[in-house]
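Trainee: quick one, what's the 3D model for this:
(4 chains)
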2 protein chains.
Amino acid sequence: MTQGKIYRADYSTAKDARVHQTRAAIRKAFLNLLDQKPLDQITVREIATEAAIGYTTFFRHHPSKEELLNEIAAAEIQNLIELALSVLGPNDSRDASLAMCGYVAEHRALWSTLLTGGAASVLREEFVRLSLQVAAAWQGADETIPPELGVILVTSGTIELLAWWLKQKDPLPVEKIAAIFDSAVVSPIIRSS
Amino acid sequence: MTQGKIYRADYSTAKDARVHQTRAAIRKAFLNLLDQKPLDQITVREIATEAAIGYTTFFRHHPSKEELLNEIAAAEIQNLIELALSVLGPNDSRDASLAMCGYVAEHRALWSTLLTGGAASVLREEFVRLSLQVAAAWQGADETIPPELGVILVTSGTIELLAWWLKQKDPLPVEKIAAIFDSAVVSPIIRSS
DNA sequence: TTAATATGAAACACATAGTTTCATATCTTT
DNA sequence: AAAGATATGAAACTATGTGTTTCATATTAA
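Mentor: The predicted structure follows:
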């Protein structure tokens, strides 16, 4: 008996080759469009056309383009946040700074889209939100700066610095930007006098 | 001869009492709604209802809610940017820091809505954009930090710090936040070693 | 080969933006 | 105070985007 197809199933763990093909096409088309214009100027119909799939099919896989963006960005953001917030730890922050900038450099294409493309403002909010959760218990070395404000300043400074860096035609080398990151963003917060 | 009323006239300089009444009602209703939720969750119909005016009338005065927000914020942003960027000048940055924080404190209600309400992300972009224009020619004291990046970091740090400050139930006194602003946001950029 | 199912397409319901038209109320001007 | 100018409100309309349902078809896994 041919089961009546459910409109919104959970395809995320499917083994069907069609599912993978469709999801990959959507993801590729979406990132492609995000390179060109802001999220709110992209329609689901546009994504579907670009991906060469049916309009309906998009909703079978994702509730909305906003959810899709979150899904795509979530894992990447999590990785970067952990690296970014490790600069708040007890070790030498210069090592952590270099590690973080290096990570972004290795995933330059994706991060460039996420940070400097149409997803930037959405991503920033998600980034700050997650950072605050992760670093909720952090205590700043400088007693004059409230911990929560410290996390906010480090996070937003990190994002702005990376976005600027990725946008350059002829970007500074990793070591250089890592040094600036450490001296201009990290050290003022975690070291003081 | 009763002129055929133009759909979109320039009412911004009108002397008619009805125009002022309408524009004031729209502005008040809009700021009120921005206090409650993000810009993209506010509909023009909602603004019109809240302002107790006709839906059509909104468009007679403003092309869109986005334009309205820009109009409302433009003058305020300009003021704050001049104060914020004067910290980059030759004088003692601590004086400028205090002046800027004081200005925001004096206009707390409006700035609280603009920075911490639903307009935040839109405002931030506008803020950075204007700052870059104003400070295009600024030269950082620290040669290792590119001037444009310096402006970006100071600007975004300023916005984040102010937004956090205005959001607090029991905010730090102006002198305290101005000191943090100077030491954590301004000095790391304009003074280095 | 067969049964399950993901897809595409069409038709739909609904929300919002934005415009046009016209009658009415309110304003400014004399 | 009267008269002409004009801003407003309301209704009807176009256009666009979201999200859903239904069903035939193609693809897949078994």
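Trainee: and the helix or strand where A:E126 lies with DNA strand D, contact?
Mentor: Per DSSP states H and E: A:E126 is located in helix A:120-134. No - shown here: helix A:120-134 not in contact with DNA strand D (Cβ under 7 Å from any atom of the strand), separated by at least 14.4 Å. C-beta coordinates here come from the backbone N, C-alpha and C atoms, glycine included.
Trainee: now tell me what touches that helix from outside.
Mentor: Taking contacts as Cβ atoms under 8 Å, 6 or more residues apart in numbering or on different chains, the residues outside helix A:120-134 that touch it are A:38-39, A:66, A:69-70, A:73-74, A:77-78, A:80-82, A:84-85, A:114-115, A:148, A:151-152, A:155-156, A:159, A:163, B:121, B:124-125.
Trainee: kindly report the same for stretch A:44-58.
Mentor: Contacts to stretch A:44-58, defined as Cβ under 8 Å, 6+ apart, come from residues A:22, A:25-26, A:28-30, A:32-33, A:59, A:64-65.
Trainee: just checking, next helix/strand downstream of the helix or strand bottoming out on mean pLDDT in chain A?
Mentor: Of all the helices and strands that make up chain A, the one with the lowest confidence by mean pLDDT, DSSP states H and E is helix A:120-134; it has a mean of 82. Tracing the chain past helix A:120-134, the next element assigned as helix or strand by DSSP H and E is helix A:147-167.
Trainee: how far off helix A:120-134 does that following helix point, in degrees?
Mentor: For the pair helix A:147-167 and helix A:120-134, the angle between their directions (axes from the mean of the first three to the mean of the last three Cα atoms, to 10 degrees) equals 140 degrees.
Trainee: now helix A:147-167: buried residues?
Mentor: Taking 16 or more other Cβ atoms under 10 Å in any protein chain shown as the neighbour-count basis, helix A:147-167 is seen to contain the buried residues A:147-166.
Trainee: the strand or helix carrying A:H20: how far from the chain's middle?
Mentor: Using DSSP H and E, A:H20 sits in helix A:17-36. Put simply, helix A:17-36 sits 17 Å off its chain's centre (Cα atoms, centre = their mean, to the nearest Å).
Trainee: stretch A:105-112 too?
Mentor: The gap between the average C-alpha position of stretch A:105-112 and the chain average comes to 10 Å, counting by Cα atoms, centre = their mean.
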